[in-house]
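Asks: Sequence isn't available, so here's the structure alone:
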């Protein structure tokens, strides 16, 4: 890998850390912080969801703009927005500014497809899974240490985690401006003539090249978002775990995800190929979600949760790799934006679905997540079968 490509990869990894740190730092304190502004539980639900709604709207727009005008300016702009959103949250004078900050944070999280497009721009097909695996590990790092940062810094005030997250975003903005080379050599040549096109978003699902992969990506995120939502009420109400122990479990889950994405993915993909590994990871996730429905003993609960974290670490990097290979080089940013939009839809629907189902029976969302992964498994096997047939004809 050339020096410029390595530089781009590590800058993008830093951006991934910033996004994940922001999420990890904010989520543990956001509910209590927003309650201090007098928000009701319903209003808190809106505050949580506005991030994903804005991310859904922004991701295809930013991805398409990066195809037209370059990756670097869009990354700088989005990182600056992230910096502003965290400091707005920290010094918000009233609840309205909390909503504005969360909306801005969701919009600027649209830099994820641009970051992924940089990996597509700077790596060949052989090394792309490794690149996406490093980015996945960077996200895992942020998700792991974000809650720890919150826990360690709250002693200096509830706004301190937001200030730290904003400072990290500001630093990454400066480093991106100074060190990241422009990687888009096809600026303005993207196939689509529209900057933002919902019709393209819908038609992508029926595209014979990418439609099935996009659907799997959506289903995996829908199941995972449902699982993440129900995890805390299940841990508190069914497993009777204290909040400190729940935080430790999340931290260990992040460590397992780091190992999965940073160390295991390159080796397993090299040995077996993307599609068989995808089938295996989806299968294991489906089984662990179903198993969690009936578990009541903590040691078994922890074991299954960690197995799920390990398996889940494979899905996104592999799906991103497949999408990048199924799309022409001129539209990498666009397709990563479309994929991120469908994942955002999953992140919007998952918590709502989990919330409704958990009012009926707290563990019920686990079964629904498992059923969702069953559909994803069927589609993953379809992709593998299609690939094997193609290989046999070549």
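Replies: On my side now, so go ahead. Keep in mind that this is a model prediction, so the values were computed, not measured. Numbers count the residues shown, from 1 in each chain.

Asks: how about the helices of the stretch 51-200 of the chain, start to end?
Replies: 71-90, 95-108, 111-122, 128-153, 160-179, 198-204 (DSSP state H, counting those that start in this stretch).

Asks: which stretch in the ones you listed has the least confidence?
Replies: Among these, helix 198-204 carries the lowest mean pLDDT, a mean of 68.

Asks: Follow the chain on from it and name the next helix or strand.
Replies: helix 211-233 (DSSP states H and E).

Asks: Packing partners of that next one?
Replies: The helices and strands touching helix 211-233, judged by 3 or more CB pairs under 8 Å, 6 or more residues apart in numbering; DSSP states H and E, are helix 274-292, helix 298-325, helix 332-360, helix 364-393. Using the backbone N, CA and C atoms, a C-beta is placed for each residue, glycine as well.

Asks: State the number of residues packed around the nearest residue to residue 253 once chain neighbours are set aside.
Replies: Counting by CB to CB, 6 or more residues apart in numbering, residue 253 lies nearest to residue 309, which is 4.2 Å off, once chain neighbours are set aside. Residue 309: 23 surrounding residues under other CB atoms under 10 Å.

Asks: still on that earlier bit, let me have the helices of the stretch 51-200 of the chain in a markdown table, adding distance to residue 271 as columns.
Replies: Below are the helices of the stretch 51-200 of the chain laid out as a markdown table (distance: least, CB to CB, whole Å):
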| stretch | distance to residue 271 |
| --- | --- |
| helix 71-90 | 32 |
| helix 95-108 | 38 |
| helix 111-122 | 22 |
| helix 128-153 | 12 |
| helix 160-179 | 34 |
| helix 198-204 | 31 |
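
Asks: Point out the most buried one among those helices.
Replies: helix 111-122 (a mean of 27; mean count of other CB atoms under 10 Å).

Asks: Work out the gap between that one and the centre of the chain.
Replies: 14 Å (CA atoms, centre = their mean, to the nearest Å).

Asks: from here on, count from 8
Replies: With 8 as the first residue, the last one maps to helix 118-129.

Asks: for the record, mean pLDDT for stretch 313-332?
Replies: 86.

Asks: now swap in stretch 213-230 and tell me
Replies: 87.

Asks: where does residue 300 fall, phi/psi-wise?
Replies: Here the main-chain torsion angles of residue 300 (degrees, to the nearest 10) amount to phi -60, psi -30.

Asks: mind listing what it touches?
Replies: 370-371, 373-374, 377 (CB atoms under 8 Å, 6 or more residues apart in numbering).

Asks: Over to residue 58?
Replies: Taking CB under 8 Å, 6+ apart as the test, what residue 58 contacts is 109-110, 112-113, 116.

Asks: how about a cut-off of 6 Å?
Replies: 109, 112-113 (CB atoms under 6 Å, 6 or more residues apart in numbering).

Asks: With distance to residue 176 added, can I get those in TSV?
Replies: Shown next, in TSV, are these (distance: CB to CB, whole Å):
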residue	distance to residue 176
109	15
112	10
113	14
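
Asks: one step back: which one among the contacts of residue 300 gets closest to residue 242?
Replies: Closest approach to residue 242 among the contacts of residue 300 (CB to CB): residue 370, at 11.1 Å.

Asks: Model confidence score at that closest one, please.
Replies: The model's pLDDT for residue 370 equals 93.

Asks: So what's the residue count around it?
Replies: Applying other CB under 10 Å, I find that residue 370 has 18 neighbouring residues.

Asks: do the same with residue 301
Replies: Counted with other CB under 10 Å, the neighbours of residue 301 add up to 10.

Asks: Secondary structure class of it, three-state.
Replies: Going by DSSP: H, G, I helix; E, B strand; the rest coil, the secondary structure assigned to residue 301 is coil.

Asks: Now it. Its backbone dihedrals?
Replies: phi -110, psi 0.

Asks: roughly how far apart are the nearest residue to it once chain neighbours are set aside and residue 232?
Replies: Leaving aside its sequence neighbours, residue 301 sits nearest to residue 370 (CB to CB, 6+ apart; 7.7 Å). Residue 370 sits 16 Å away from residue 232, going by CB to CB, to the nearest Å.

Asks: go on, residue 385?
Replies: For residue 385, the distance to residue 232 equals 20 Å [CB to CB].

Asks: Give me the more crowded residue out of the two.
Replies: Of the pair residue 385 and residue 232, residue 232 is the one with more neighbours under other CB under 10 Å, namely 25 against 12.

Asks: Nearest spatial neighbour of the more buried one, chain-adjacent residues omitted?
Replies: Residue 232's closest residue in space is residue 357 (CB to CB, 6+ apart), at 2.6 Å.

Asks: State the number of residues packed around the one you found.
Replies: There are 25 residues near residue 357, going by other CB under 10 Å.

Asks: can you check residue 395 too?
Replies: For residue 395, using other CB under 10 Å, the count is 13.

Asks: With distance to residue 160 added, can I get the helices and strands packed on helix 218-240 in TSV?
Replies: Below are the helices and strands packed on helix 218-240 laid out as TSV (distance: least, CB to CB, whole Å):
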stretch	distance to residue 160
helix 281-299	32
helix 305-332	25
helix 339-367	26
helix 371-400	32
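
Asks: ranking the ones you listed by mean pLDDT, which is last?
Replies: Across those, helix 339-367 gives the lowest mean pLDDT, at a mean of 79.

Asks: what's that one packed up against?
Replies: helix 48-76, helix 118-129, helix 218-240, helix 371-400 (3 or more CB pairs under 6 Å, 6 or more residues apart in numbering; DSSP states H and E).

Asks: which of these sits most buried?
Replies: helix 118-129 (a mean of 27).

Asks: Remind me what that one packs against, helices and strands.
Replies: By 3+ CB pairs under 6 Å, 6+ apart, helix 118-129 packs against helix 10-42, helix 48-76, helix 78-97, helix 339-367.
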